[in-house]
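Chemist: Sequence first, then the predicted structure, then my questions.
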Amino acid sequence: MEDKQIVELFWQRDPEAIAQSQGKYHSYLSKIAYNVLSDEEDSQEVVNDTYFRAWNSIPPQRPSRLSVYLGRLTRHGAIDRYRKRTSQKRQGDAYTLCLEELEACCGTAHDPQQILDAQQLAQAINQFLHTLKPQTRAMFLGRYYFFDSLKEVARYCGVSESKAKSTLYRVRKDLKEYLKQEGFDL
């Protein structure tokens, strides 16, 4: 079933919308959640919560790309669950590692001014990403948005793990330079 048809089922409040979403996107959403949480049970709970959030947000939302919309709901849910689970401790998992790699060139936000700066930073990063070649952009997004391992990024980009690692290193370095040129104090 096409995304438009599934979204229409959500708008009609037809429970079949959830069944169709599960059939089409369950493994994709599970992978996103697992990459953040590294726990099968928590990942499945987050994915189930995603369907519930979609049910409650469509309508009024009418996503044009259901996969992106559900993926974003899953990612945010997984990050929220991760933060709750690790509020007392930090673990050396993929999510933490990815954030530490990016923190070196982008910093973090804690107060309202920093949050506003973070929004402007996000816009600048998006502009930077549009300057990258598609494969390089796929590596960056796979690693830092979907939290895929270097091995996975290398596999689906068709390069060696060492090439993926060095490419991501160069992209982070270029991103840092780009942000400095844009006036960000990092």
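Modeler: Received the coordinates, thanks.

Chemist: Which of the helices or strands spans Ala33?
Modeler: Assigning secondary structure by DSSP states H and E places Ala33 in helix 16-37.

Chemist: Please parse the protein into its domains.
Modeler: Here the domain parsing of the chain from automatic domain parsing is 3-85, 94-181.

Chemist: Let's test this: name the helix or strand in this structure with the lowest mean pLDDT.
Modeler: When each helix and strand of the chain is scored by mean pLDDT, DSSP states H and E, helix 94-106 comes last, with a mean of 66.

Chemist: what residue ranges in this structure score low on pLDDT?
Modeler: 87-97, 99-100, 102-117, 186 (pLDDT under 70).

Chemist: switch the cut-off to 80
Modeler: When residues are selected by pLDDT under 80, those of the chain lie in 86-119, 185-186.

Chemist: Quick one: the helices in this structure, in order.
Modeler: With helices called from DSSP state H, the chain shows them at 3-11, 16-37, 40-57, 66-85, 94-106, 112-129, 134-144, 150-157, 161-181.

Chemist: Single out the most deeply packed of the domains of the chain.
Modeler: Across the domains of the chain, the average number of neighbours (mean count of other Cβ atoms under 10 Å) peaks for domain 3-85, which reaches a mean of 17. C-betas here are computed from N, CA, C, even on glycine.
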